[in-house]
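Engineer: next input, structure requested:
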Amino acid sequence: MNELDLIRLLTQNLPTHPAVVVGPGDDCAVLDLGLPDHWLLFKTDAIVEDTHFTRDTPPEDVGHKALARPLSDIAAMAGTPTAALVTAALPATFDPRRVCAVYNGITRLAQRCHVAIAGGETTRTPDRILLSVSVLGTVPRRRCPLRSAAQPGDAIFVSGDLGGSLAGKHLRFEPRLSEARWLAEHFPIHAMIDLSDGIATDLPHVLDASHVGAELLKSAIPVSRAARTRARTRQSPKAALLAALTDGEDFELLFTLPPRHAVSLFDRWTRQFPGLRLSCIGKITAQPGLTLRDASGLQPLAAHGYVHFDKP
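Structural biologist: Residues are numbered from 1 along each chain as shown. Modelled structure (predicted):
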């Protein structure tokens with residue numbers, strides 16, 4: 001049983017509440033608690049030593065990543081984060097100086113993103129650090145892009161460059177909060193997701209939720225310099241594209257919108273975010289499945305990105 005199988009099993013019969021607008025299956029839970037014209041966003045995420053970072057990782061980077069991951073999910077809903085709770089699970093032999101440095105990393109990002117650290121919890125683990133961060137945010141009701149809203153004919157866009165995140169981006173990425181809010185404010189975004197596990201895993205979440213398929217253009221995938229460098233080192237040109245599709249932990253935005261807005265989007269994005277690449281990588285199709293088009297034609301994309309508890 002892999003991660004996706006486990007999630008489907010665990011979410012079959014969960015209790016719900018009339019205030020829940022969107023439950024399991026999107027980047028955040030969406031709640032209607034009577035806020036004027038806004039919904040509440042609720043997200044939790046965890047990072048574990050030896051899975052998401054190593055014992056040699058600078059502690060400030062550990063803290064940054066712990067908060068940046070749920071903030072990236074808030075961004076995927078075009079939301080504004082407001083407050084966070086931090087749970088620190090530590091071994092009995094923890095180094096207080098290192099833990100304080102971790103919290104410095106959390107604090108610096110929280111200050112930049114105007115997020116209050118409103119409390120949390122501490123507990124003990126047998127042998128390694130675990131940090132769990134829960135974030136609250138808000139989003140205008142009419143500007144909340146859901147995974148389930150992609151439509152046939154939509155153009156598929158992605159921000160930034162993809163692949164090779166282990167060169168450092170997976171620790172020091174910036175959540176695309178302002179970019180996502182700007183998109184939702186100025187364009188009719190249909191669906192959006194953050195790329196935490198790679199296009200080959202994350203885009204199918206959108207396709208499944210929306211009951212559609214997608215066709216990607218191989219030459220349009222924005223492969224990062226780090227992925228290309230690693231591919232050259234391994235003398236495997238195909239490895240760069242595979243890394244862009246499957247490495248994960250890029251935390252860029254993938255979104256869909258009607259193609260008639262593409263020219264305007266490119267023009268305005270370049271002026272608004274001159275230092276951040278934007279790529280149109282394909283289109284949403286009515287036919288289910290994920291395919292990749294190159295000079296030789298159209299082929300099913302069989303690869304997938306990172307999945308916890310992956311089947312052997």
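Engineer: where in the protein is pLDDT low?
Structural biologist: 310-312 (pLDDT under 70).
Engineer: walk me through the domains of it.
Structural biologist: The chain breaks down into these domains under automatic domain parsing: 3-142, 145-300.
Engineer: can you pull up the most central residue in the protein?
Structural biologist: The centroid of the chain falls nearest to Asp194 when counting by C-alpha atoms, centre = their mean (2.7 Å).
Engineer: please report phi then psi for it.
Structural biologist: The phi/psi pair for Asp194 (degrees, to the nearest 10) reads phi -90, psi 150.
Engineer: for it, give the beta-bridge partners.
Structural biologist: As for beta bridges, Asp194 partners with Leu253 under DSSP bridges.
Engineer: hey, C-alpha coordinates of stretch 208-225 in CSV?
Structural biologist: Only the C-alpha atoms of stretch 208-225 are listed here, as CSV (Å, rounded to 0.1, in the frame of the first residue of the first chain):
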residue,chain,number,x,y,z
ASP,A,208,-8.4,12.9,-11.1
ALA,A,209,-10.3,15.6,-9.1
SER,A,210,-11.5,17.3,-12.3
HIS,A,211,-12.2,14.1,-14.2
VAL,A,212,-10.1,15.2,-17.2
GLY,A,213,-6.7,14.4,-18.8
ALA,A,214,-3.7,16.4,-19.9
GLU,A,215,-1.2,16.6,-22.7
LEU,A,216,2.2,18.0,-21.9
LEU,A,217,4.7,19.3,-24.5
LYS,A,218,8.1,17.8,-23.8
SER,A,219,10.0,20.9,-25.2
ALA,A,220,8.1,23.3,-23.0
ILE,A,221,8.9,21.7,-19.6
PRO,A,222,11.1,24.3,-17.8
VAL,A,223,14.1,22.2,-16.7
SER,A,224,16.3,23.8,-14.0
ARG,A,225,20.0,24.3,-14.4
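Engineer: okay, buried residues for that stretch please.
Structural biologist: Judged by neighbour count (16 or more other C-beta atoms under 10 Å), stretch 208-225 contains these buried residues: 209-210, 212-216, 218, 221-224. To be clear about C-beta, it is placed using only N, CA and C from the backbone, and glycine gets the same treatment.
Engineer: so which of those sit within helices?
Structural biologist: Residues of these located in helices (DSSP state H): 209-210.
Engineer: for the buried residues of stretch 208-225, which one is nearest Phe187?
Structural biologist: Closest approach to Phe187 among these (C-beta to C-beta): Ser210, at 17.8 Å.
Engineer: how about the closest one: what's its closest non-neighbour residue?
Structural biologist: Ala150 (3.9 Å; C-beta to C-beta, 6 or more residues apart in numbering).
Engineer: please apply the same query to His205.
Structural biologist: Using C-beta to C-beta, 6+ apart, the nearest residue to His205 is Arg147, at 5.8 Å.
Engineer: that neighbour contacts Ala191, doesn't it?
Structural biologist: Yes - at 5.6 Å, Arg147 counts as touching Ala191 under the criterion of C-beta atoms under 8 Å.
Engineer: what is in contact with those two at once?
Structural biologist: Common contact partners of Arg147 and Ala191 (C-beta atoms under 8 Å, 6 or more residues apart in numbering): 206, 209-210.
Engineer: element containing Gly120?
Structural biologist: strand 116-125 (DSSP states H and E).
Engineer: who does that strand pair up with?
Structural biologist: Applying DSSP bridges, one finds strand 116-125 paired with strand 80-91 (parallel).
Engineer: buried stuff in the partner strand?
Structural biologist: Buried, per 16+ other C-beta under 10 Å, within strand 80-91: 80-82, 84-90.
Engineer: quick one: contacts of it?
Structural biologist: 41, 66-67, 70-71, 74, 99, 102-103, 106, 110, 113-139, 177, 181.
Engineer: so how far is Gly163 from Gln235?
Structural biologist: Applying C-beta to C-beta, to the nearest Å, the value for Gln235 to Gly163 is 17 Å.
Engineer: more neighbours: those two, which one.
Structural biologist: Neighbours were counted for Gln235 and for Gly163 using other C-beta atoms under 10 Å; Gly163 has more, 30 against 7.
Engineer: that one: what's it in contact with?
Structural biologist: 223-224, 226-227, 240, 243-245, 247, 250.
Engineer: at 7 Å what do you get?
Structural biologist: Counting by C-beta atoms under 7 Å, 6 or more residues apart in numbering, Gly163 touches 223-224, 226-227, 240, 243-244, 247.
Engineer: write a ChimeraX command that selects only the buried members of those residues.
Structural biologist: ChimeraX command restricting those to the buried ones, with burial defined by 16+ other C-beta under 10 Å:
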select :223,224,226,227,240,243,244,247
